[in-house]
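>>> model this:
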Amino acid sequence: MARSVNQRPAAAAVDVGAPGAAGPARTVLGTLILVAAVANLNLSVANVALPSIGAAFDASQVELNLVAVGYSLGLAASVLWLGALGDRYGRKLMLLLGTGLAIPASLLAAFAPTVGVLIGARVLGGLAAGMAYPTTLALITALWSGPARTRSIALWSALGGAIASLGPVVAGYLLQSYRWGSVFLVTLPLAVVALLLAVRLVPAHVNESTEPVDNLGGLLSALLVGAVILAINVAPVPGAGALLAGLVVVAFGAGVAFILRQRRAANPLYDLHVAGRRIFWVAACAGIIVFGALMGATFVGQQFLQNVLGYSTFEAGLAILPAVVMMVLVAPHSARLVETRGARTTLLIGYLFCFLGFLTMLLLWGEGSASWQVALGYAFMGTGVGFAGTPASHSLTGSVPVERAGMASGTADLQRDLGGAIMTSLFGALLTAGFAAAMATAVAADPAGADAVSSMTAELTKSFASAEAMAQQYPQYASQITAAAKASFLAGDQWAYLAGLAAVLLGAVLVFFLFPKEDAEKRLLAEYHATDTHGRDG
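A predicted model of the protein is given here:
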């Protein structure tokens, strides 16, 4: 029998699920999407500024990877723990704390004096998002049910992804006139408005648990996720073998301890019985790959557009608009498909478009690529995420008891943020390794420039920005260095796109063979609901 869970009574002030409450429902949903927008924008604004940050701090590719992934690292490492704290102590309180903390975190990032402080500020911003972002989906799960919940999740997913994708556009525009730090100030007015609306409109104590929180499990989950992400980023760094080995040991030890803790704890942070439900865990894995594909492709793509094609920051930001448009256009169709054909079919359609996106990037993106080729790759990727995002999140929230909404929303956020962190880290590691290897070969093979730059090989292979700086120091070899840097970057990004294709294929195979078809999905969801209801009644 499922474990009984005490709940606080739902708030009486705003019953967004009641007939005739369409006005409050829309304003509450709009507020939750706006809160999520603060987290989504902060997640994406750094990508377009990476070349500028690299030039400002003479940063290595690994440091740029950490700037890009730091926000996802902070969010992914904390989201399960903070989601559980919200379930216990108040989701609205957690929402307000996270949205408020986003303001100083953004200011610290904007005026960071060193790249190390910038990375730290990004992690702090991720922790703030870990408080606010999972709470938005948890509240949607608690406040809506049935088709209304599906439509709300579709809007939350599509608009969240679209707003995140608009980040590079706004950031690119700002970078035309202002320093790189301006991109981290974009969310400040949104955060203030979201905070005021949340105080006024978001109901408190809706189907929340009164059970104690497994804080030890939360600490172990943070160690596990953080060590995994850092290990991926450290892997390509020369001479970092000892650090890599230490991170792997920490990740393995934390993982084993976390599983043991969750099996033995009276009130586990992460209910492994619920997580073991087929609809839940397959959807979780599927979402990690889908959302990670978008973030990884954006991370590499923004650098490709500026470094290789010579786009301005604004042009590079505008280039991602096809993904934004397709995500918004596809979202309503995705919600209808989930209701009429099931999550499995909708997920597979999304995977098909993600595969076409990476294939386009692999085959058509190169030096001299036309704008339509860039747009096609992003449009495919946006369509894929638009189709797959809704079923990935809907399956999680639909397969857990409502008092475990924090666990479901935390997992949904892990899909985005752990997936984004892993794929960005993986793509960054492959880009770093590919660039360094190709650049070292180019330097060694060029007798005209080898003597002048042989002592500078480490600087040349560090990142594209460092190679450009070297080209300015040695103008007589500038053309050779720049050409080699572009060719080396293209060698590295091919490795990343191949990894993306492999990940999408793996996810599609997982969904095709293990996710239940429509009739079986409905039957399993009904069984889950009956079990959870019986457990609460018992």
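
>>> Now do the helices in the stretch 101-250 of the chain.
Here the stretch 101-250 of the chain has its helices, by DSSP state H, counting those that start in this stretch, at 115-143, 146-175, 188-201, 215-234, 241-264.

>>> ranking those by mean pLDDT, which is last?
With a mean of 78, helix 146-175 has the lowest mean pLDDT of the helices of the stretch 101-250 of the chain.

>>> What residues sit buried inside that one?
Under the neighbour-count criterion of 16 or more other C-beta atoms under 10 Å, helix 146-175 has 149-175 buried. To be clear about C-beta, it is placed using only N, CA and C from the backbone, and glycine gets the same treatment.

>>> before we move on, back to that, nearest to residue 500, out of the helices of the stretch 101-250 of the chain?
Minimum separation from residue 500 across these (C-beta to C-beta) falls at helix 215-234, 14.7 Å.

>>> okay, that closest one in PDB with CA atoms only?
Extracted in PDB, the C-alpha atoms of helix 215-234 (Å, rounded to 0.1, in the frame of the first residue of the first chain):
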ATOM      1  CA  ASN A 215      17.900  17.100   3.800                       C
ATOM      2  CA  LEU A 216      20.700  14.500   3.700                       C
ATOM      3  CA  GLY A 217      19.200  13.100   0.500                       C
ATOM      4  CA  GLY A 218      19.100  16.700  -0.900                       C
ATOM      5  CA  LEU A 219      22.800  17.200  -0.100                       C
ATOM      6  CA  LEU A 220      23.700  13.900  -1.800                       C
ATOM      7  CA  SER A 221      21.700  14.700  -4.900                       C
ATOM      8  CA  ALA A 222      23.400  18.100  -5.200                       C
ATOM      9  CA  LEU A 223      26.900  16.400  -4.800                       C
ATOM     10  CA  LEU A 224      25.900  13.800  -7.400                       C
ATOM     11  CA  VAL A 225      24.700  16.200 -10.100                       C
ATOM     12  CA  GLY A 226      27.400  18.800  -9.500                       C
ATOM     13  CA  ALA A 227      30.200  16.300  -9.600                       C
ATOM     14  CA  VAL A 228      28.900  14.700 -12.900                       C
ATOM     15  CA  ILE A 229      28.600  18.000 -14.700                       C
ATOM     16  CA  LEU A 230      32.000  19.300 -13.500                       C
ATOM     17  CA  ALA A 231      33.700  16.000 -14.500                       C
ATOM     18  CA  ILE A 232      32.400  16.300 -18.000                       C
ATOM     19  CA  ASN A 233      33.800  19.800 -18.300                       C
ATOM     20  CA  VAL A 234      37.100  18.900 -16.700                       C
END
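
>>> Report all helices and strands that that helix contacts.
Applying 3 or more C-beta pairs under 8 Å, 6 or more residues apart in numbering; DSSP states H and E, one finds that helix 215-234 contacts helix 61-89, helix 241-264, helix 405-445.

>>> how big is the angle separating that helix from helix 405-445?
20 degrees (axes from the mean of the first three to the mean of the last three C-alpha atoms, to 10 degrees).

>>> can you list contacts of helix 215-234?
Contact with helix 215-234 is made by 62, 65-66, 69, 72-73, 76-78, 80-82, 84-85, 240, 243-244, 247-248, 250-251, 254-255, 257-258, 261-262, 265, 268-270, 414, 418, 421-422, 425-426, 428-429, as judged by C-beta atoms under 8 Å, 6 or more residues apart in numbering.

>>> Buried ones only from the residues you listed, please, as a ChimeraX command.
Restricted to buried positions by 16+ other C-beta under 10 Å, the ChimeraX selection for the contacts of helix 215-234 reads:
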select :62,65,66,69,72,73,76,77,78,80,81,82,84,85,240,244,247,250,251,254,255,257,258,261,262,268,269,270,414,418,421,422,425,426,428,429
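
>>> List the residues that contact residue 316.
Taking C-beta under 8 Å, 6+ apart as the definition, contacts of residue 316 comprise 48, 168, 172, 302, 305-306.

>>> and of those residues, the nearest to residue 326?
For the contacts of residue 316, the nearest to residue 326 is residue 168 (15.6 Å; C-beta to C-beta).

>>> measure the closest one to residue 55 for me?
Look at residue 168 and residue 55: by C-beta to C-beta, to the nearest Å, they are 18 Å apart.

>>> Residue 336 now?
Per C-beta to C-beta, residue 336 is found 47 Å from residue 55.

>>> same deal with residue 260?
With C-beta to C-beta as the criterion, residue 260 and residue 55 are 47 Å apart.

>>> ok, now residue 284?
Residue 284 is 39 Å from residue 55, by C-beta to C-beta.

>>> what are the phi and psi angles of residue 529?
phi -60, psi -40 (degrees, to the nearest 10).

>>> still on that earlier bit, which one of residue 284 and residue 55 is surrounded by more residues?
Neighbours were counted for residue 284 and for residue 55 using other C-beta atoms under 10 Å; residue 284 has more, 20 against 16.

>>> Tell me the confidence at that one?
Value listed for residue 284 in the pLDDT field: 87.

>>> how much space between residue 533 and residue 411?
Distance from residue 533 to residue 411, by C-beta to C-beta: 21 Å.

>>> Sorry, slip of the keys, the one I care about is residue 262.
Taking C-beta to C-beta, one finds residue 262 at 13 Å from residue 411.
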